[in-house]
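S.K.: here is a sequence with its predicted model. Questions after.
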Amino acid sequence: MSALTAAAPYIVAGTSIMQYQQQGAIGKYNQAANNRAAEVLDGQATQIEQKAEFDVAQFNKSYQRVKGETRVSLAKSGVQVGTGSAANIALSNAIEAKLQENLIRYNSQVAAANKREEASFARIKGSIARQESKLAQIGTIATAGTTLLRMGDN
């Protein structure tokens with residue numbers, strides 16, 4: 001029996017162990033990377049919600065300015081503010097303002113929900129990557145075992 005033939009089972013075992021360890025490390029890395037991506041996406045969802053609050057505040061500021069300008073314009077033209085057409089205009093503007101505020105909030109909720117859904121899928125991808133690495137590890141052990149058994153038969 002040559003030295004190479006005698007060493008072959010140890011070489012197979014050693015390389016199989018290294019491959020097994022690397023497959024595990026790759027799976028853990030891929031899972032961690034996907035989990036990190038999920039955290040980033042969750043953060044983006046939170047930022048979208050915070051931006052919506054800012055946008056609503058900015059809109060309300062603009063609305064109050066327009067509301068004041070409208071009252072001044074109506075008063076300058078001699079219209080009694082709070083009655084008749086002036087009241088109808090004010091009511092219409094208030095309804096439109098509330099619709100715009102609701103639209104800003106709704107759009108941000110949809111965008112944030114989409115980001116959170118992407119985050120969920122990233123976590124799922126990470127779990128799948130980890131499970132795939134575990135399956136590869138099982139395959140490595142099975143292949144090494146089969147190879148060692150065949151060597152023993154010879």
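M.R.: Happy to help now that I have it. It should be emphasised that the depicted structure is a prediction, and the values quoted were computed from it without experimental measurement.

S.K.: hmm, residue 129 is touching residue 23, no?
M.R.: No. Proximity of residue 129 to residue 23 does not meet the contact threshold set by Cβ atoms under 8 Å, at 11.0 Å. In this view, the C-beta of every residue, glycine as well, is placed from N, C-alpha and C.

S.K.: ok, then the element right after the longest helix along the chain?
M.R.: Taking residue count as the measure and DSSP state H as the definition, the longest helix of the chain comes out as helix 3-76. In the C-terminal direction, the helix or strand that comes right after helix 3-76 (DSSP states H and E) is helix 84-153.

S.K.: packing partners of that next one?
M.R.: For helix 84-153, the elements it packs on are helix 3-76, judged by 3 or more Cβ pairs under 8 Å, 6 or more residues apart in numbering; DSSP states H and E.

S.K.: give the other helices and strands that the helix it packs on contacts.
M.R.: In terms of contacts (3+ Cβ pairs under 8 Å, 6+ apart), helix 3-76 is packed against helix 84-153.
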